[in-house]
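> What shape does this take:
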Amino acid sequence: MAYQSINPYTRRVMETFETITDRELIKMLNTAELAFDKWSQTRFSEKANLLNNAAALLEKEKAKHAEIITSEMGKPIRQSIAEVEKCAWLCRYYAEHGENYLKPVTIDSTARESQVWFEPSGIIFAVMPWNFPYWQVFRFLVPNLVAGNTGLLKHASNVPRCGIAIEDLIHRSGAPDGVFMNLFIDYSQVESIIGHHAVCGVTLTGSNNAGYKIAELSGRHGKKSVLELGGSDPYIVFESADLEKSSETAIMARFQNNGQSCIAAKKFYIQDTVYDQFLELFKAEVLKIKIGDPMNPDTLLGPIAREDLLIELEEQLKLIRKSGGKIITGGKRISPDSLILEPAIIIDLPKDSRVMNQELFGPIIPVFKFQSEDEAIQLSNDTPYGLAASVWTTVTEQARRVASRLQTGMVTINGMVKSEPSLPFGGVKTSGYGRELSEFGIREFMNIKSVSFN
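Got it, this is the predicted structure:
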């Protein structure tokens, strides 16, 4: 398969890259193995220096990197700049805190002294998505580099220039050859990577189908895996909530990244006593959204990343109509040859509609009523997914109570769900397993060694 860089706004093919041969892949795997032997023994100060250099380059060159992101997958340029800045934040975070997370921990035992050591384990193979083409890569790469592991990347086939740019940046930051490599590989070559003796773990962010295939291959070869497979996150607004703030925040919570975010609010559950008021406020905010060229700094909503993804959204809209849902805003392309879908608010969708168990990966938002707290929790948990949730209430006891009952990996009270370096990121149920970021994420692919002195 070829990797094609196609601008989703102009529909122009910018560049094409061919996949590497099996012989080239073997050579790169051997290089990565040799690199791990040296990198795993490198002093922490050198690793931290690499990350600080990468942060400085990202900040200095953020306009260049943001333009690559926007031109390849259509994210509004301001959001692309924010993504690059966030990657720099992540680098500086682990440069500052990584050494402390890796210190031995003393544990009481029957021995005179027992410790838990955290040691690097090998090469980590990452299969990463297109929707946050820098952040997703840095999210796997930075903790592993500082831990002493090395990385191989198979990026999404529609963002090849992002993969090249990240590899170049890490190399210019001072990484030795083979410490991180971007691979233009075919799907048929994935198993040979997972099966390589020096590859100790596999991480994937993407669709459920892709995740299950990776999990199957990882299990076949006895390799640990971490999967983040998206979600259908609830946005719950109780009657005590600040309705103006919750309706304003809902815009970015749902439409950030053109609605193509795993942690986007994908179903709105509004208490019946404030439903009409919230819907009126939210609809007014949606109608203000500037749609168009993602390179325009004022644009909030640009194109869907690929034609096939937009067609899938259009099929879901047909299913919504067939199920009885009413589209009260948008729901159509802005023109026949455009990949921009007008933001669609859906009401009156039956709660047993088949689309309720699907992830709406674009600017489509169903809005539902609920009466009681128990009903809101039941509706929110009635999904195969369990990534995150947003809860709006000014009653602290209610916020804690609801958060404890939601079957998700993350809950945000009175705000939109977002990831940041200090908090573990990941989900439950079909949203995947394992955690990224924070001290929990850095240890996912480490050898957690017990050492006892008698």
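> Please enumerate the helices of the stretch 201-350 of the chain.
Counting by DSSP state H, counting those that start in this stretch, the stretch 201-350 of the chain has helices at residues 208-220, 243-255, 275-287, 307-323.
> Of these, flag the one that's most buried.
Mean neighbours per residue, mean count of other CB atoms under 10 Å, is largest over these for helix 243-255, with a mean of 20. C-beta coordinates here come from the backbone N, C-alpha and C atoms, glycine included.
> helices or strands next to that one in the packing?
Under the contact definition 3 or more CB pairs under 8 Å, 6 or more residues apart in numbering; DSSP states H and E, helix 243-255 sits against strand 233-237, strand 265-271, helix 275-287.
> Using TSV, lay out those together with mean pLDDT.
Shown next, in TSV, are the helices and strands packed on helix 243-255 (pLDDT from 0 to 100):
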stretch	mean pLDDT
strand 233-237	98
strand 265-271	98
helix 275-287	98
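> Relative to residue 428, which of those is closest?
Checking the helices and strands packed on helix 243-255 against residue 428 by CB to CB gives strand 233-237 as the closest, at 12.4 Å.
> Tell me the strands beside the closest one, with direction?
strand 265-271 (parallel), strand 388-392 (parallel) (DSSP bridges).
> and the gap between the residue lying closest to residue 246 once chain neighbours are set aside and residue 224?
Computed as CB to CB, 6 or more residues apart in numbering, the closest residue to residue 246 that is not its neighbour in sequence is residue 392, at 4.5 Å. Using CB to CB, to the nearest Å, residue 392 is found at 37 Å from residue 224.
> the more surrounded of the two?
residue 392 (26 against 15; other CB atoms under 10 Å).
> among the helices and strands packed on helix 243-255, which is nearest residue 433?
strand 233-237 (17.2 Å).
> now what about the closest one, what contacts it?
With contact meaning CB atoms under 8 Å, 6 or more residues apart in numbering, strand 233-237 is reached by 243, 246, 250, 253-254, 263-271, 274, 278, 376, 379-380, 385, 387-392, 402, 406, 408, 417.
> from the middle of its chain, how far away would it be?
On the basis of CA atoms, centre = their mean, to the nearest Å, strand 233-237 sits 19 Å off its chain's mean C-alpha point.
> low pLDDT regions in the stretch 301-450 of the chain?
Within the stretch 301-450 of the chain, no range satisfies pLDDT under 70.
> how about the strands in it?
With DSSP state E, counting those that start in this stretch applied, the stretch 301-450 of the chain shows strands at 326-329, 344-347, 364-370, 388-392, 410-413, 432-433, 446-453, listed in chain order.
> Just the CA coordinates for the longest one, please, in PDB.
Just to be clear, that refers to strand 446-453. The C-alpha trace of strand 446-453 is given here as PDB (Å, rounded to 0.1, in the frame of the first residue of the first chain):
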ATOM      1  CA  MET A 446       8.900  -1.300  31.900                       C
ATOM      2  CA  ASN A 447      10.300  -4.300  33.500                       C
ATOM      3  CA  ILE A 448       9.000  -3.900  37.100                       C
ATOM      4  CA  LYS A 449      11.600  -5.900  38.900                       C
ATOM      5  CA  SER A 450      11.400  -7.100  42.500                       C
ATOM      6  CA  VAL A 451      14.800  -7.200  44.200                       C
ATOM      7  CA  SER A 452      15.200  -8.600  47.800                       C
ATOM      8  CA  PHE A 453      18.200  -8.400  50.100                       C
END
